[in-house]
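Asks: let's see this in three dimensions:
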Amino acid sequence: MKRGKVSKSRRAVLSRVFALLALLCANAHAGDGRLAWFTLESEHFIISYHAPLAKVARRVVIVAERAHEAMAKEMGHEPEKKTHIVVDDTTDSSNGFASVLPRNAIRVFVSAPPSKSDLADHDDWLYALVAHEYAHILHLDNIDGLAKYVNKVVGKTWAPNQIQPRWVIEGLATYEESRHTSGGRLRNGLFGMLMRMATLANNERDLDEMSNGPRAWPHGNTAYLYGSHFLKYIFDRFGDDKVAKMSSNFGANPIPYGLNRALRQAVGKGFVELHGDWKQYRRERYAVDQEAVERAGRREGRRLTFTGEININPRYSRDGKQIIWQYGPGDERGGYATMPSDGHAGERSMYAIVDRGGEFDVLSDGSLILEQTDVYRAEYASQELYRWDPTSQLMHRFTKRKRLRDPAVSPDERQVAFVMTGQGRRRLAIMDLVPEAEPQIIWSGQGDYDQAFDPAWSPDGSKLAFSAWREGGERDILIADMATGQVKELA
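Replies: Below is the predicted model of the structure:
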């Protein structure tokens, strides 16, 4: 055998080895290996994004630099290195994540929140999202003292602020998200209602529950709800400059769990002392709200549910004889419940047990057209339309990887309207009410990030009313004419 050549038998063995390695590698990639990734860089950020999100990524660069300019000085910290932001559109979840170990990194999902979410009060979803996550970076990356020198020797492995209770970490980011936008959860009506009613009903989560994660309502949302309201009370009372002082005090102290000490050094009192003051403040403030309602004349309907935790989105059946709604009691499997439209709580029964179900509409035969979270290749999580059959109690898929929400069936039950999610926007569309029909776009808006929500048919099926968020931060009611395609503003 000459030098540099390989025998046929050896080539066959090597071929099998390479084929096996290729097979193993094909199943070992992180995420979807078919996605093409690109990078943008600015003064303070490195942005990684996958196609076709170039326009969204450029917008993220702008809002990230805007967040840095607005928040870094106030929070008393500027990171030494650029923050890496990954822009992702593989899920319909409106969310993001931030970490500072071993480097400052943020992952943002660009899908805007649905209309009934407590995240839905925003003047710009991408800015609100990036502002929240970057607040985490500025807070947790505030590292000084012994930890700073240890990190220089062994690598970035120690961030003292990271061990603070979750309600401090998430509460601070939620506070900053609201402070630096004209929206944010602290301005959201639903978010405020949860805090107000818990106080008036004397069903609040105490400081120990806030710090350890309660099993009681609102569960994991306690960190955001109670944390942001508590910190807002403190910083309204003592000044926003105390955000930086508290973070710096804790971030420079190598002795863990000195949270009260860090705040006391900043404002003169610790969290335990201030918690009682905050509770009294809330009770007095919300009592004034309650008195205003009583003076105006309380108007209250007949209460139909007493179960908690989730009783939302009620619908009448097509014949008007039943009320059907999304039901999630928290201590048993949820889905959709029903009662006679002239009935009472004792007549409630389960209509359909459905996991991961969402918005829905009812057909005349009792079927449900509903959105359900669908997972594909363990990487993509999208909302798809299904039909639940009342006779067989089975789910039948209507769409596959279309990313559809808020279904509304036409009066003649031949079509279904919905919104399509993708690339940071939500488009209004319709399709025939048959599996795998092709959607037809009705409205996309003129802006790059316009959002449609909650379509509703006119009784004759000639028009679709829907709400829409458009660039500028305004939510309006629009009406689309199905014959002409013209869309006009109602309000």
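
Asks: only C-alpha atoms for contact and neighbour calcs from this point on.
Replies: Fine.

Asks: where does pLDDT dip in this structure?
Replies: In the predicted model, the chain carries pLDDT under 70 at residues 1-30.

Asks: show me what the helix of greatest length in it is packed against.
Replies: Looking across the chain with DSSP state H, the single longest helix is helix 271-296. Contacts defined by 3 or more CA pairs under 8 Å, 6 or more residues apart in numbering; DSSP states H and E place helix 271-296 against helix 189-200, helix 222-238, helix 259-267.

Asks: tell me which of the ones you listed lies nearest to A173.
Replies: Between A173 and these, the shortest separation by CA to CA is 7.8 Å, and it involves helix 222-238.

Asks: give me the angle between that closest one and helix 271-296.
Replies: Helix 222-238 and helix 271-296 are oriented at 90 degrees to each other (axes from the mean of the first three to the mean of the last three CA atoms, to 10 degrees).

Asks: using PDB, list the CA coordinates for helix 222-238.
Replies: Output in PDB follows, covering the C-alpha atoms of helix 222-238 (Å, rounded to 0.1, in the frame of the first residue of the first chain):
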ATOM      1  CA  THR A 222     -46.100  36.500  44.400                       C
ATOM      2  CA  ALA A 223     -42.500  37.500  43.700                       C
ATOM      3  CA  TYR A 224     -43.600  39.900  41.000                       C
ATOM      4  CA  LEU A 225     -46.800  41.200  42.500                       C
ATOM      5  CA  TYR A 226     -45.800  41.700  46.200                       C
ATOM      6  CA  GLY A 227     -42.100  42.300  45.400                       C
ATOM      7  CA  SER A 228     -42.800  45.200  43.000                       C
ATOM      8  CA  HIS A 229     -45.500  46.800  45.200                       C
ATOM      9  CA  PHE A 230     -43.400  46.600  48.300                       C
ATOM     10  CA  LEU A 231     -40.300  48.000  46.700                       C
ATOM     11  CA  LYS A 232     -42.300  50.800  45.000                       C
ATOM     12  CA  TYR A 233     -43.600  51.800  48.500                       C
ATOM     13  CA  ILE A 234     -40.000  51.900  49.800                       C
ATOM     14  CA  PHE A 235     -38.500  53.800  47.000                       C
ATOM     15  CA  ASP A 236     -41.500  56.200  46.800                       C
ATOM     16  CA  ARG A 237     -41.000  56.900  50.500                       C
ATOM     17  CA  PHE A 238     -37.200  57.100  50.600                       C
END
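
Asks: please report how far S462 lies from M482.
Replies: Between S462 and M482 the computed distance is 5 Å (CA to CA, to the nearest Å).

Asks: same question but for R299, I mixed them up
Replies: R299 is 38 Å from M482, by CA to CA.

Asks: ok, now G424?
Replies: On the measure of CA to CA, G424 and M482 end up 25 Å apart.

Asks: which of these two has more neighbours?
Replies: Taking other CA atoms under 10 Å, G424 and M482 do not tie; G424 has more neighbours (23 against 14).

Asks: ok, F418 - how many residues close by?
Replies: F418 has 29 neighbouring residues, counting by other CA under 10 Å.

Asks: could you do G31 as well?
Replies: Each residue near G31 was counted by other CA under 10 Å, and the total is 12.

Asks: kindly report the same for F271.
Replies: Neighbours of F271 (other CA under 10 Å): 19.

Asks: which residue ranges form the helices in the stretch 101-250 of the chain?
Replies: For the stretch 101-250 of the chain, the helices defined by DSSP state H, counting those that start in this stretch occupy 125-140, 145-154, 166-179, 189-200, 207-212, 222-238, 241-251.

Asks: what's the closest of those helices to G328?
Replies: Using CA to CA, these put helix 189-200 closest to G328, at 16.8 Å.

Asks: how about that closest one: buried residues?
Replies: L190, F191, M195, R196, T199 (16 or more other CA atoms under 10 Å).

Asks: any idea which of these is the one closest to L433?
Replies: Within these, proximity to L433 (CA to CA) peaks at L190, which comes in at 33.2 Å.

Asks: in this structure the closest one contacts S115, no?
Replies: No - L190 lies out of contact with S115 (CA atoms under 8 Å); the separation is 11.1 Å.

Asks: turn the helices and strands packed on helix 271-296 into a markdown table, including distance to T338.
Replies: Output for the helices and strands packed on helix 271-296, formatted as a markdown table (distance: least, CA to CA, whole Å):
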| stretch | distance to T338 |
| --- | --- |
| helix 189-200 | 24 |
| helix 222-238 | 29 |
| helix 259-267 | 48 |
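
Asks: which one of those helices lies closest to I85?
Replies: helix 222-238 (22.4 Å).

Asks: show me what that closest one is packed against.
Replies: helix 166-179, helix 189-200, helix 207-212, helix 241-251, helix 271-296.

Asks: go with 10 Å
Replies: Under the contact criterion of 3 or more CA pairs under 10 Å, 6 or more residues apart in numbering; DSSP states H and E, helix 222-238 touches helix 166-179, helix 189-200, helix 207-212, helix 241-251, helix 259-267, helix 271-296.

Asks: out of those, nearest to R475?
Replies: The nearest among the helices and strands packed on helix 222-238, by CA to CA, is helix 189-200 at 14.3 Å.
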